[in-house]
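A.B. asks: Fold the stuff below for me.
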Amino acid sequence: MVAAGAALADEVGFANLTMGLLAERVGVRTPSLYKHVGGQDDLTRRIAVRALNEAADAVGGAVQGYAGRDALAAAARAFRAFVLEHPGRYAATIGQEPSGPDDPLAAAGQRLLGAFTAVLRGYDIEDRDVNHALRLLRSLFHGFATLQASDGFQWSTDVDDSFEWLIAFADRGLRTL
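C.D. replies: Reported below is the predicted structural model:
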């Protein structure tokens with residue numbers, strides 16, 4: 001059910017995902033969905049967990065065997081590709097807060113952060129600055145990808161060139177710390 005909801009969110013947009021639409025998609029009546037999920041909020045959280053784990057797999061897999069700028073570029077490209085391919089399920093992750101350390105949302109979020117933290121090990125960043133660097137990367141890559149996913153870049157400048165410029169900019173900044 002969660003996989004169908006995630007796919008539907010990607011197709012129609014997260015804001016348009018409803019229990020009724022999901023029921024229609026899977027060919028059941030809406031009350032039947034409650035045998036599988038506790039409601040719209042539960043569905044959203046489960047999609048968010050799925051999305052964070054998928055993004056962690058994509059980013060973690062992309063950086064294997066790379067270090068420094070190459071790892072940064074691989075992580076950035078994998079993250080951007082995930083958001084562009086799955087804009088609905090990725091949107092489900094925004095604003096979700098884990099209820100505690102045992103919440104699957106916390107574990108999934110930590111997996112994605114772990115992939116980016118591994119990238120940062122290729123730079124000479126002091127431990128006290130790692131969280132700042134993670135926020136920087138999230139701001140850059142999340143911001144770029146979500147803007148692109150919502151057709152936020154209307155200028156004629158090539159978007160791929162701009163993304164490579166962003167990666168180079170981040171790499172230079174991280175190397176100066």
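
A.B. asks: Tell me who's in contact with Val2.
C.D. replies: The neighbours of Val2, taking CB atoms under 8 Å, 6 or more residues apart in numbering as the test, are 37, 43, 46-47, 50. Yep, even glycine has a C-beta here, placed from its N, CA and C like the rest.

A.B. asks: got the phi/psi numbers for it?
C.D. replies: Per-residue torsions, Val2: phi -70, psi -40 (degrees, to the nearest 10).

A.B. asks: so where do the helices sit in the protein?
C.D. replies: For the chain, the helices defined by DSSP state H cover 2-12, 19-26, 30-33, 40-63, 68-85, 87-91, 104-120, 130-149, 159-175.

A.B. asks: now the second one against helix 40-63, angle please.
C.D. replies: If I follow you right, that is helix 19-26. Note on geometry: by axes from the mean of the first three to the mean of the last three CA atoms, to 10 degrees, helix 19-26 and helix 40-63 are set 60 degrees apart in direction.

A.B. asks: Near Gly5, how many other residues are there?
C.D. replies: Per other CB atoms under 10 Å, the neighbour tally for Gly5 reads 29.

A.B. asks: How much space separates it from Val12?
C.D. replies: 11 Å (CB to CB, to the nearest Å).

A.B. asks: returning to that earlier point: buried deepest among the helices of the chain, which one?
C.D. replies: Across these, averaging neighbours per residue (mean count of other CB atoms under 10 Å) puts helix 87-91 on top, at a mean of 24.

A.B. asks: by contact count, what packs against the lowest-mean-pLDDT helix or strand in the chain?
C.D. replies: Lowest on mean pLDDT, DSSP states H and E among the helices and strands of the chain sits helix 30-33, with a mean of 94. For helix 30-33, the packing partners by 3 or more CB pairs under 8 Å, 6 or more residues apart in numbering; DSSP states H and E come out as helix 19-26.

A.B. asks: residues in contact with the helix it packs on?
C.D. replies: Contacts of helix 19-26 (CB under 8 Å, 6+ apart): 1, 4-5, 8, 12, 29-30, 32-33, 39-40, 43.

A.B. asks: Can you check what angle separates that helix from helix 2-12?
C.D. replies: Angle, helix 19-26 to helix 2-12, by the same axes, to 10 degrees: 100 degrees.
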